[in-house]
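Asks: Got a predicted structure plus its sequence, pasted below:
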Amino acid sequence: MDMDFTPDELDFQAEVRSFLKSHLTERLIEGAKRTPGVFVEPDIGLEWQRILHEKGWLAIYWPEADGGTGWTPVQRYIFEKECALAGAPALAVLGLKLVGPVICRFGTPEQKARFLPRILSAEDYWCQGYSEPGSGSDLASLKTRAALEGDTYRINGSKIWTTHAHYANWMFCLVRTDPDVSAQRGITFLLVPMDQPGVTVTPIVTMAGDHEVNQVFLDDAKSHVGNRIGEEGQGWTIAKFLLENERGGSCFAPKLIADIDQLALTAARVPSGTNGALVHDTEISRKLASLRLRARAFEISELRILAEIAKGRPPGPQTSLVKLVSANLRQELDTLAMEIHGLAGLQLPAERPLYGNEAPEPVGSVEAQMAAGRYLNSRAWTIFGGSDEVQKNIIAKTVLGL
């Protein structure tokens, strides 16, 4: 695999850098920097989304025919890496990266015309209705029922760990439409409007003090048959496509590498207590070097997957490796940050958001103020999107043939 950029790709990289320099504001950088959760607050994320939409650089995961950028996988990698280096906020991936590509792939022309433009314009904000109480890693055992009555589905059940459901006006949801067939065959992919009497959102506050996730109760909630993606019973196939897109097709390594480099700079400012900086401490420097080397190796693996996508091949089960490695590197990075910040890293402010005029003053540094929240929130990385155990089983079965 050729690791050198072509002249056209280098020109594109220069264009991205120039755009970020002129359009990525200090407010957006500060908002991203001061976010301890997995997702940035909508006011930051959606402001950045509108800027990218105006440029035509938002739907990088969509086909050009459906409003996407038409970029090659290498261009997507360049864009994501430059955004990570510049400190850009994360985008609202639930619409852009998850349900958007599903609608592009499986939706009818009418569904594409109805939903895709509103994802790009941020008129619609999406949440994901997959996990249920008792049906997380074993997703196929989900029990939320949807019965078709005329041209409307009546939905009853509950979804849990539903990120940003308190902001969303739509939920893409897995429901059971046929209880008399095998678990996977009875599942359907349905789009459900959130603003209706049958939908109740109950907050779940994480141990870091963030309200990112919720439990959603569906009590005779309704959704028109025109909101069904694909056919009844096709939901499991669509769900697997969505999860492969969630775990692959984009790069996690650039953000990890940027954060490791930033942590090394922090370690260079923190005294070790022995007339030097922590970055020169043998154990700290060893851990930083190990993280950096593994993140670089991980980046090569992601680029190999992108090279396969460029040949027209789907991401495939290798995306489980991406999920497994990225989650564990993220947790190790946040654990090392706590070690480097020491006592200053124990501060855990309850205020939200942690940017703007009302933000509390940090003890030591902003990085120290974020450390505990990020450490606690990153415990979920090895659970959401498919737990480590699930990923290892997928790798064993579909990659190694065990």
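Replies: That came in fine, so what should we check first?
Asks: Please count neighbours and contacts with C-alpha atoms only from this point.
Replies: Fine.
Asks: Shouldn't Glu246 be within a helix?
Replies: Yes - applying DSSP: H, G, I helix; E, B strand; the rest coil, one finds Glu246 inside a helix.
Asks: Mind giving me the packing neighbours of the longest strand seen in the chain?
Replies: Using DSSP state E to define each element, the chain has its longest strand at strand 213-224. Contacts defined by 3 or more C-alpha pairs under 8 Å, 6 or more residues apart in numbering; DSSP states H and E place strand 213-224 against strand 152-160, strand 187-193, strand 199-204.
Asks: what distance separates the start and the end of stretch 169-185?
Replies: End-to-end distance for stretch 169-185: 28 Å, by C-alpha to C-alpha, to the nearest Å.
Asks: Quick check: longest helix in the protein by residues?
Replies: Ordering each helix of the chain by length in residues (DSSP state H) puts helix 282-310 first.
Asks: just checking, what packs against that one?
Replies: Helix 282-310 packs on helix 73-86, helix 253-269, helix 319-341, going by 3+ C-alpha pairs under 8 Å, 6+ apart.
Asks: can we see that at 7 Å?
Replies: Here helix 282-310 touches helix 253-269, going by 3 or more C-alpha pairs under 7 Å, 6 or more residues apart in numbering; DSSP states H and E.
Asks: Output the helix it packs on as CSV, nothing but the C-alphas.
Replies: The C-alpha coordinates for helix 253-269 follow below in CSV (Å, rounded to 0.1, in the frame of the first residue of the first chain):
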residue,chain,number,x,y,z
ALA,A,253,-6.5,7.0,15.0
PRO,A,254,-5.9,10.7,14.0
LYS,A,255,-7.9,11.9,17.0
LEU,A,256,-6.1,9.5,19.3
ILE,A,257,-2.7,10.5,18.0
ALA,A,258,-3.6,14.2,18.3
ASP,A,259,-4.7,13.6,21.9
ILE,A,260,-1.5,11.6,22.7
ASP,A,261,0.7,14.4,21.4
GLN,A,262,-1.3,16.9,23.4
LEU,A,263,-0.9,14.8,26.6
ALA,A,264,2.9,14.6,25.9
LEU,A,265,3.0,18.5,25.8
THR,A,266,1.0,18.5,29.1
ALA,A,267,3.5,16.1,30.6
ALA,A,268,6.3,18.5,29.6
ARG,A,269,4.7,21.2,31.7
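Asks: Relative to the whole chain's centre, how far out is that helix?
Replies: From the chain centre to the centre of helix 253-269 is a distance of 20 Å (C-alpha atoms, centre = their mean, to the nearest Å).
Asks: May I see the buried residues of stretch 353-367?
Replies: Going by neighbour count (16 or more other C-alpha atoms under 10 Å), the buried part of stretch 353-367 is Pro353, Leu354, Tyr355, Pro362, Glu367.
Asks: Reformat those residues as CSV; add secondary structure and distance to Trp126.
Replies: Converted to CSV, those look like this (DSSP: H, G, I helix; E, B strand; the rest coil; distance: C-alpha to C-alpha, whole Å):
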residue, secondary structure, distance to Trp126
Pro353, coil, 21
Leu354, coil, 24
Tyr355, coil, 24
Pro362, coil, 33
Glu367, helix, 30
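Asks: For Asp219, state which of these is nearest.
Replies: Closest approach to Asp219 among the buried residues of stretch 353-367 (C-alpha to C-alpha): Pro353, at 32.1 Å.
Asks: Where in the chain is the helix or strand with the lowest mean pLDDT?
Replies: None of the helices or strands of the chain scores lower by mean pLDDT, DSSP states H and E than helix 235-247, at a mean of 86.
Asks: Just want the angle from that one to strand 187-193.
Replies: 70 degrees (axes from the mean of the first three to the mean of the last three C-alpha atoms, to 10 degrees).
Asks: Who are the packing partners of helix 235-247?
Replies: Using 3+ C-alpha pairs under 7 Å, 6+ apart: helix 235-247 touches strand 187-193, helix 319-341.
Asks: Note down every partner strand of the shortest one and its orientation.
Replies: Read that as strand 187-193. Using DSSP bridges, strand 187-193 pairs in its sheet with strand 170-176 (antiparallel), strand 228-229 (antiparallel).
Asks: Any chance of TSV for the buried residues of stretch 353-367, columns distance to Arg292 and pLDDT?
Replies: Output for the buried residues of stretch 353-367, formatted as TSV (distance: C-alpha to C-alpha, whole Å; pLDDT from 0 to 100):
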residue	distance to Arg292	pLDDT
Pro353	30	88
Leu354	28	89
Tyr355	29	88
Pro362	27	92
Glu367	19	95
